[in-house]
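Novice: the following block contains a protein sequence and its predicted model.
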Amino acid sequence: MTKDQNAEGHQGQLDELAAIVEYSDDAITGKTLDGVITSWNPAAERLYGYSAEEIIGKSIELLVPAYGIREIRAMLATIKAGERVEHHHTTRARKDGTEIPVSLTASPIRNASGKIIGVSTIARSLTKQEESFELSRFMMEASLDSLVAISPEGKITDANEATVKVTGVPRDQLIGTSFSDYFTDPENANEIYQQVFAEGMAVDYPLTMRHRDGTLTEVLYNASVYRDAAGKVLGVFAAARDVTKQVLAQRQSALHRAWEMERLAELERFQRLTVGRELKMLELKKENANLRKRVQQHDADLDKV
């Protein structure tokens with residue numbers, strides 16, 4: 001391959017890279033090691049509200065809330081040391097002053113000799129994810145059922161207020177503890193999430209939850225796995241419906257039915273005894289009548305003599 005072909009190939013790679021940056025949905029920016037912005041793609045303009053003309057040459061601190069200045073300086077120091085910062089969740093300020101949650105990945109930019117000369121940052125807005133999370137939290141808290149998220153290791157990773165009420169344990173103390181700790185039969189509780197991981201779901205699984213004051217609550221658990229965008233199973237989401245009243249009603253109904261069956265059997269025994277007595281009385285009456293006839297016949301025979 002000739003020198004011109006090498007140069008052409010290199011230029012083609014640069015053009016391709018430039019196109020990727022230009023049309024990326026993520027905000028991609030370049031900065032000096034002192035935090036001065038040197039490049040700014042269209043997605044950065046959409047995310048932060050500044051045009052490239054307005055922002056290039058300005059300090060990255062313009063995009064950072066006052067309370068985040070120390071954080072951005074620490075990040076720049078990390079890059080200077082040759083390290084990479086990945087998926088760092090933080091807050092940035094838009095041109096209009098509004099603050100937005102973002103996920104940042106920052107990497108050192110090196111020259112041909114390997115010297116670090118700048119910082120490349122990819123930023124992705126987390127606004128939709130946070131809105132989705134807030135909606136999910138609202139739906140969890142609106143539920144009267146106990147809702148929990150369980151890790152593959154059987155640890156609680158999230159719980160709603162209904163779970164706090166049924167266990168008597170604050171949410172921050174529930175998180176990180178074993179799911180099975182809050183049931184009268186931990187082995188059966190373990191089975192539910194193991195079954196879900198194996199089969200994908202569990203339906204109306206009966207368990208008894210124990211409040212830390214000793215109060216018991218009969219529940220039916222329904223659970224299924226939840227996955228990330230790539231389809232990887234992250235854990236189990238389980239919902240427990242309080243069926244204590246129904247269970248008590250069923251038990252009372254069963255006791256009442258048992259009493260009715262026992263009473264029916266007793267009445268049947270009495271009836272058989274009564275019928276037996278009546279038959280015996282009829283036999284006695286018949287025998288009495290026959291004896292009377294015989295006595296009368298005997299007396300009549302004597303009179304003839």
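Specialist: It's in.
Novice: wait, a strand at Ala202?
Specialist: Yes. Counting by DSSP: H, G, I helix; E, B strand; the rest coil, Ala202 is located in a strand.
Novice: show me the helices in the stretch 101-250 of the chain, by range?
Specialist: 127-142, 161-167, 171-174, 186-199, 244-304 (DSSP state H, counting those that start in this stretch).
Novice: contacting residues around stretch 220-229?
Specialist: With contact meaning C-beta atoms under 8 Å, 6 or more residues apart in numbering, stretch 220-229 is reached by 149-150, 192-193, 196-197, 200-207, 233-241, 243. Backbone N, C-alpha and C define where each C-beta goes, glycine included.
Novice: and those, which are buried?
Specialist: By neighbour count, with 16 or more other C-beta atoms under 10 Å, the contacts of stretch 220-229 hold 149-150, 192-193, 196-197, 202, 205, 207, 235-240, 243 as buried.
Novice: let me know the closest of those residues to Val119.
Specialist: Nearest to Val119 among the buried ones among the contacts of stretch 220-229, counting by C-beta to C-beta, is Gly235 at 35.2 Å.
Novice: if you drop the residues flanking it in sequence, what lies closest to that closest one?
Specialist: Closest residue in space to Gly235, ignoring its immediate chain neighbours: Ser151 at 4.9 Å, by C-beta to C-beta, 6 or more residues apart in numbering.
Novice: same thing with Ser178?
Specialist: Nearest one to Ser178, counting by C-beta to C-beta, 6+ apart, is Gly154 at 5.6 Å.
Novice: the one you found contacts Ser180, doesn't it?
Specialist: Yes. Gly154 lies in contact with Ser180 (C-beta atoms under 8 Å); the separation is 6.6 Å.
Novice: got any residues that touch both of those two?
Specialist: Asn190.
Novice: domain map for the protein?
Specialist: Here the domain parsing of the chain from automatic domain parsing is 3-125, 130-242.
Novice: including distance to Leu282 and mean pLDDT, could those go into a markdown table?
Specialist: Below are those laid out as a markdown table (distance: least, C-beta to C-beta, whole Å; pLDDT from 0 to 100):
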| stretch | distance to Leu282 | mean pLDDT |
| --- | --- | --- |
| domain 3-125 | 96 | 84 |
| domain 130-242 | 56 | 84 |
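Novice: okay, the ones you listed in CSV with distance to Ala289 next?
Specialist: Shown next, in CSV, are the domains of the chain (distance: least, C-beta to C-beta, whole Å):
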stretch, distance to Ala289
domain 3-125, 107
domain 130-242, 67
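Novice: tell me which element Ile79 is part of?
Specialist: Following DSSP states H and E, one finds Ile79 within helix 69-80.
Novice: residues in contact with that helix?
Specialist: Against helix 69-80 from outside (C-beta under 8 Å, 6+ apart): 31, 33-35, 60-61, 64, 85, 88, 90, 104, 106-108, 116, 119.
Novice: show me the contacts for His89.
Specialist: Shown in contact with His89 (C-beta under 8 Å, 6+ apart): 101-104, 126.
Novice: right, and the secondary structure at it would be what?
Specialist: strand.
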